[in-house]
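Peer 1: Next come a sequence and a model predicted from it.
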Amino acid sequence: MGVSVEDIKKLKELTGIGLTDAKKALVEVEGDFDKALEALRKKGLTKAEKKGDRETRAGIIESYVHSGRIGVVVEVNCETDFVARLPEFKEFAHQMAMQIAAMAPQYATMEDIPTDVMESKKKELLESDSLKQKPAEMAEKIVEGQLKKHFAEQVLSEQAFVLDDGKTVDERIKEQIAQNGENIRISQFKRIELGVTE
């Protein structure tokens, strides 16, 4: 399968790598764009990941009310007021508010899970009979995967994106970072459901 010029340009734009590297990545996977993008993501070469450490001091607060029964307020941050005012950034924030309304996450990222909650679950998993027989290093790796799976539905970034369940919310955020050229972060959110108190 040949490699198209359009795919090379698209891969360059999404990842921030040079044309030669983009072509090489596509040739390595016989022109499969998705595989090339995934391979570069695994290497940590995407533009979104490079921007992930930059400060996010601007942004907007978006709200969404579903059928008068569920209300969400979410703070979505970016680096500049210029990006915060873009219609596509507002649309992205609205999508995040809808996601929170539909999926009711408790935390924005895995890092936001309180240490005591994480440690308690980790201890419980490590003490299970199936892991007691395994070497400590292997047990740790297995538990890491089990923790991610356990908290997947409770963590916004790990959830399947409601408007396209072929990707996670984290992948949707990275797409927006690539589109806007700035780091983006969901800082905080509040979800209220009629008749339900915490």
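Peer 2: Yep, it's here. Residues are numbered from 1 along each chain as shown.
Peer 1: which residue sits closest to the most centrally placed residue in the chain, ignoring its sequence neighbours?
Peer 2: Residue closest to the mean C-alpha point of the chain, counted by C-alpha atoms, centre = their mean, is D170 at 0.9 Å. Spatially, and ignoring its direct neighbours in sequence, D170 is nearest to S157 (4.2 Å; C-beta to C-beta, 6 or more residues apart in numbering). In short, each C-beta sits where N, CA and C put it, glycine included.
Peer 1: Also E153?
Peer 2: Q159 (6.4 Å).
Peer 1: which residues sit in contact with the one you found?
Peer 2: By C-beta atoms under 8 Å, 6 or more residues apart in numbering, Q159 lies in contact with Q99, M103, P105, A152, E153, T168, V169.
Peer 1: Just the buried subset of these, please.
Peer 2: Buried residues within these, counting neighbours by 16 or more other C-beta atoms under 10 Å: Q99, M103, P105, T168, V169.
Peer 1: Was I right to think the first one contacts E158?
Peer 2: No - applying C-beta atoms under 8 Å, one finds Q99 not in contact with E158, separated by 11.7 Å.
Peer 1: Between those two, which contacts overlap?
Peer 2: With contacts defined as C-beta under 8 Å, 6+ apart, the residues shared by Q99 and E158 are V169.
Peer 1: quick one on the thing from earlier: what's the most distant pair in the contacts of Q159?
Peer 2: Farthest pair in the contacts of Q159 (C-beta to C-beta) is Q99 and A152. Separation: 13.8 Å.
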